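Undergrad: could you work out the structure for the sequence below:
(3 chains)
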Amino acid sequence: MRARFIGLALGASIASLTIPALAADKVSDGVVKIGILNDLSGIYSDFTGRGSAVAAQIAIDEMGGKVLGAPVELVAADHQNKPDIAANLAREWFDQGKVDMIADFPTSSTALAVMEIAKQKNRVTMLSAGVAMAAINEKCSPLNAQWMVNTYALAAGTAKALLKTGRKSWYFVTADYTFGHSLEKDASAMVEAEGGKVLGVSRHPFPGGDFSSFMLKAQASGAQVIALANAGSDTVNAVKQAAEYGIGRSDKQVIAPLLTYITDVKSLGLAKAQDMYLTEAFYWDYDDRSRAFAEKYFAKMKRMPSASQAAVYSAALSYLKAIEAAGTDEAGAVMAKLRTMTIDDAVIRNGHLRADGALVHDMLLLQVKKPAESKRDWDFYTVKSVLKGEEVFPKPSDACPLNAKG
Amino acid sequence: MSTTLKIFLVLAAFALVVPFVPGLIYPVFVMKVMCYGLFACAFNLLLGFTGLVSFSHAAFLGSAGYVTGALMIRFGAHPLGMPAALVLGVAASLLVGLAIGGLAIRRRGIYFAMITLALSQIVYFLAVQFRWTGGEDGLQGIPRGNLFGLDLTSDTTMYYVMLALFSAGFLFVDRIVHSPFGQILQAVRDNEARATSLGYDTDRFKLLAFVLSAGVAGYAGAMKALVFQLVSLNDVSLHTSTEVVLMTLLGGVGTIFGPLVGAALVVGLQNYLATIGDLVTVVIGLIFIVCVSFFRRGFVGEFLHVRRRRAERRARAAPRPEPPPNDAPVAEPA
Amino acid sequence: MPLPFSSIPAGAAMPDITLQAFMAQLTIGLIGGCFYALLSMGLAIIFGLLNIINFTHGAQFMMAAFLAWIGLTQIGPWLGYPDFQVSFWVALVLAPLCVAVFGMAIERLLLARLYHLDHLYGLLLTFGVALVMEGGFRYAFGVSGQGYEPPEILQGPVDVGFMLLPKYRIFVVVASLLICFGTWFLFERTKLGAYLRAGTENPRLLQAFGINVPVMITLTYGFGVALAGIAGVLAAPIMQVTPLMGGNLLNIVFAVVVIGGLGSILGSMLTGLALGLIEGLTKVVYPEASTVVVFVIMALALLVRPAGLFGRDV
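TA: Here you go, the predicted model:
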């Protein structure tokens, strides 16, 4: 399989060296088509949804709507968080819809399902919202890139930063789901490696309703950090109910949500979320470049982009640039090119794509502002530090056969 | 040859040529319709022909899917791996069906439905908790394996194998409905007290119907695991249990072909709505409301109703009255 | 044999629990139980008279929370008076009323057409309505959720000896117990209640006595829905207001109603409170199972008493 990709890639690059061929020769079907597959109508629609397609369109527009002389098109669909719908759509897009790359996937089951099909059909997947470790470990694919972050990097960002401040006793409130378990497992390992101690764990059903029971247990444990290894409305409810009981309001005990989007902070409001530490791949107000992108996005969506929506922009932009550099849209060649590029755009900084599909790049350690410090809507975070990719992303795992080859 | 069989053969002949005419219908879509169609047939066996409402059919679909998928991942390469995984998957759904049915059968009507709903939540919980089900990642990349040495990786080969499996399942359901056992079930549905007074142990018949229905649903689930090469929590969720109600209702409760039509409509609709986004739930909800309020016979039921009415009118106009249509969905022409 | 479960029950942490912490957990369980009681009581009332399982109950709970949120935080800017806002107390009355009126309209326009049919159709209709409501609210307000604060007088915690309990939670317990008791009294101890119960048994006879049964049915539906609405407004300062907040709760409430015996008002209230406590305790012992424990209890209860703990067999 792999040999064939390389063969094709070689063939394609030789062709591009010799004769300036027509677009139709370099680009399959005469069009480069990007598919956005995510949740438009369900629980993940706020941080992906329509906004992801808008972000991808911004990237396409920045490329002038063309690559190698062929037009770039965008399709978007709602996988309704059902892997069989996602799989069906992806197959149809690949077989009949001329789609070359699909991005987003806020649920791990849909991401893994489409990765499998893309591998069979020799097309590219870019998980801009998918954070599952399986995607770069046992289920890794040479044609996949995890373009934003994974649960390990999220846990590492926050855990290492808090450990540095001397907070060594931890309590975990964990969603009883794979992503919750893996957040908890990775963060605990780091805590213990630094000589810290995990005082207890409460694993709650997903979705949970009333978290006060768990938060009180966590408080009673006396832990310096109450880490929330859950996401979305569970995180929001846990923080909200903690505030009700006055938990996590002092410097002695802080709450650290491990997987948080700016939409969650927006939903909580600064009064409840203030002072929390969290790690994100992107914050719109980081510097001039990120602000320039965010303003373009805001003009269309009337809200600021979440990290995963921003990551779709970066994924689409890098993908198109890689096609241009490779001189073909053949999946293997494009991925090979992506692996040689340094990704540095409005969203992703100092990024390198690894063999297993992990995009290693700088992450941001953020602290939520107090209401008085916030000057305008969406002015939510203070950037505490930039975390180097090598520090927060996991080492290549032996579980992924692509790593073994070196 | 019965009319049912004739219609079925026409459909099957159509299905046979699908892979040869590109652009006609996407074959993978047809496979999906076959899986969900059979799933809906299983549900209809219970709702349409026994009069029992179950909100646990996803539990059967999913448990068989998980068992088949997990076995294929381990033993998929073996020449007998696929049939064995299929059979064991169905066995798992039969067991789950027996457990849920055995408890739920103690109550009637709406209580029965609520109990199946609650018990299927336990199955969902187990699917989250067990390690071998893969949590929310689900089982991914399930190999299709081979059937007695016939490689199933190609979509076209798989398509024909699925068509054969589907036909067997569909004809099995049809056979049950028209068997003496099926007649007793319909007697129980129409008037349970009368069936009891005739000496039938109605609870036993209902339980048997429930378990059979669970088995067919599981068969569909195992097929689905092989076609899509994945099983996920969605397959055991309440959502899937309500989807199958919609399919059956939309196509026609208590008709042989209704569930197939309903499944094709719902699956097609989901694909179509996927691209317009945003309002999927609202549209599905509106269809529920319209269906229940104004269109309770469903498409096939409505079609049969119109036909029957027309036949009656003609019979009244004609000097020699014809015998009334029998219980088969379409009266057999002489 | 290795455990098939991916996680070990956190039972090992049990001995650390002090009496104080235990009391605190029980109290929290009781608060959850109050919501179950309010919601399941509404379901039981509706089922008792209309013979319909109201799948819209969760969406109506959600709708009331949203209406209250709109009133407390949004309506001023919408109307062009940024300072105007509805007080929590007004919302607590008004939002359930609005939801009840909306519910009664649905009952009149859609549900009433189905009474002569199998109960299944009523159930499916309410399910469809719930989908439309959830989808509509999601479309309009997104899924991340909104929130509002409890009124000032109820903010902050009180020291109740074994824990610091937020005043608002105490208020929730007192208010819901009062409402539950009032409802029980209304239905079981007054003449109106007698009519309603007679309506369940023999609507024709009641009609013959000159009582307008269809209107009575509509009002009863409205009343049951209003209970869900009150629960929704009460829940919003505790739980984030999202389109899915009700749907997640509803499955558990269904199980509560089945355990208590469908149609038994007292049964559903007591079962709701009891299950809140049991759920609270499960959160201490084996938190992973805190949702599913309700369903397990349901299965056990059915084995012992098929009619439900307080139900009359039908």
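Undergrad: okay, CA-based contacts and neighbour counts for the rest of this
TA: Noted.
Undergrad: does chain C sit close to the longest helix belonging to chain B?
TA: Criterion DSSP state H: the longest helix present in chain B is helix B:202-228. No. Applying CA under 8 Å from any CA of the partner chain, one finds helix B:202-228 separated from chain C by no less than 14.4 Å.
Undergrad: how far off centre is that helix?
TA: 8 Å (CA atoms, centre = their mean, to the nearest Å).
Undergrad: so what touches the very next helix or strand once past it?
TA: For helix B:202-228, the succeeding helix or strand toward the C-terminus, using DSSP states H and E, is helix B:238-251. Identification of contacts with helix B:238-251 by CA atoms under 8 Å, 6 or more residues apart in numbering or on different chains yields B:36, B:39-41, B:43-44, B:55-58, B:117, B:120-121, B:234, B:257-263, B:265-266, B:288, B:291, B:295-301.
Undergrad: what helices and strands are in contact with the helix or strand just after helix B:238-251?
TA: Downstream of helix B:238-251, the first helix or strand assigned by DSSP H and E is helix B:258-276. On a contact count with 3 or more CA pairs under 8 Å, 6 or more residues apart in numbering or on different chains; DSSP states H and E, helix B:258-276 meets strand A:70-78, helix A:83-96, helix B:27-47, helix B:238-251, helix B:280-294, helix B:298-317.
Undergrad: within the helices and strands, which one has the nearest residue to A:Gly49 once chain neighbours are set aside?
TA: Leaving aside its sequence neighbours, A:Gly49 sits nearest to A:Leu40 (CA to CA, 6 or more residues apart in numbering or on different chains; 4.4 Å). For A:Leu40, there is no host helix or strand (DSSP H and E).
Undergrad: ditto for A:Arg203
TA: strand A:197-204.
Undergrad: then C:Ala21?
TA: Here C:Ala21 is assigned to helix C:19-50, by DSSP H and E.
Undergrad: state the next helix or strand along the chain beyond that helix.
TA: helix C:57-69.
Undergrad: what about that next one, average pLDDT?
TA: Averaged across helix C:57-69, pLDDT comes to 96.
Undergrad: is that helix up against chain A anywhere?
TA: No. Helix C:57-69 does not reach chain A (CA under 8 Å from any CA); its nearest approach is 12.8 Å.
Undergrad: residues touching that helix, excluding its own?
TA: Identification of contacts with helix C:57-69 by CA under 8 Å, 6+ apart yields C:39, C:43, C:88, C:91-92, C:95-96, C:98-99, C:103, C:130, C:133-134, C:146-148, C:225, C:228-236, C:241-250.
Undergrad: near chain A, from those?
TA: Subset of the contacts of helix C:57-69 in contact with chain A: C:146-147, C:248-249, counting by CA under 8 Å from any CA.
Undergrad: show me where the stretch 201-314 of chain C has its helices.
TA: C:203-208, C:213-235, C:245-260, C:265-285, C:292-304 (DSSP state H, counting those that start in this stretch).
Undergrad: let's have these in CSV, adding mean neighbour count, distance to chain B and mean pLDDT.
TA: Below are these laid out as CSV (neighbours: other CA atoms under 10 Å in any protein chain shown; distance: least, CA to the nearest CA, whole Å; pLDDT from 0 to 100):
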stretch, mean neighbour count, distance to chain B, mean pLDDT
helix C:203-208, 14, 20, 82
helix C:213-235, 25, 18, 94
helix C:245-260, 25, 6, 88
helix C:265-285, 24, 15, 91
helix C:292-304, 19, 6, 87
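Undergrad: ok, the residue in the stretch 1-150 of chain B positioned nearest to chain A - contacts?
TA: Nearest residue of the stretch 1-150 of chain B to chain A: B:Asp137, at 4.3 Å (CA to the nearest CA). Taking CA under 8 Å, 6+ apart, we find B:Asp137 in contact with A:108-109, A:112, A:178, B:232.
Undergrad: got the confidence number for it?
TA: 89.
Undergrad: look up which helix or strand the closest residue to A:Pro83 other than its chain neighbours falls in, please.
TA: The spatially closest residue to A:Pro83, leaving aside those adjacent along the chain, is A:Thr110, at 4.3 Å (CA to CA, 6+ apart). Assigned by DSSP H and E, A:Thr110 belongs to helix A:108-121.
Undergrad: just the angle between that helix and helix B:202-228, please?
TA: Orientation of helix A:108-121 against helix B:202-228 (axes from the mean of the first three to the mean of the last three CA atoms, to 10 degrees) gives an angle of 50 degrees.
Undergrad: helices and strands around the helix or strand that helix A:108-121 is followed by, which ones?
TA: Heading C-terminal from helix A:108-121, the first helix or strand you meet, by DSSP H and E, is strand A:124-127. Applying 3+ CA pairs under 8 Å, 6+ apart, we find strand A:124-127 packed against strand A:101-104, helix A:108-121, strand A:144-146.
Undergrad: please identify which of the ones you listed is closest to B:Tyr111.
TA: With CA to CA as the criterion, B:Tyr111 lies closest to helix A:108-121 of these, at 33.8 Å.
Undergrad: mean confidence for that closest one?
TA: Mean pLDDT, helix A:108-121: 94.
Undergrad: tell me the contacts of the residue nearest the centre of chain C?
TA: Nearest residue to the geometric centre of chain C (CA atoms, centre = their mean): C:Leu39, 1.8 Å. Taking CA under 8 Å, 6+ apart as the criterion, C:Leu39 is in contact with C:57, C:227-228, C:231, C:253.
Undergrad: lowest-confidence helix or strand of chain A?
TA: helix A:2-18 (a mean of 45; mean pLDDT, DSSP states H and E).
Undergrad: so what's the residue nearest to A:Lys370 when sequence neighbours are not counted up against?
TA: Excluding the flanking residues, the one nearest A:Lys370 by CA to CA, 6+ apart is A:Gln274, at 5.0 Å. Listed by CA under 8 Å, 6+ apart, the contact set of A:Gln274 reads A:367-371.
Undergrad: tell me how far A:Gln274 lies from chain B.
TA: 31 Å (CA to the nearest CA, to the nearest Å).
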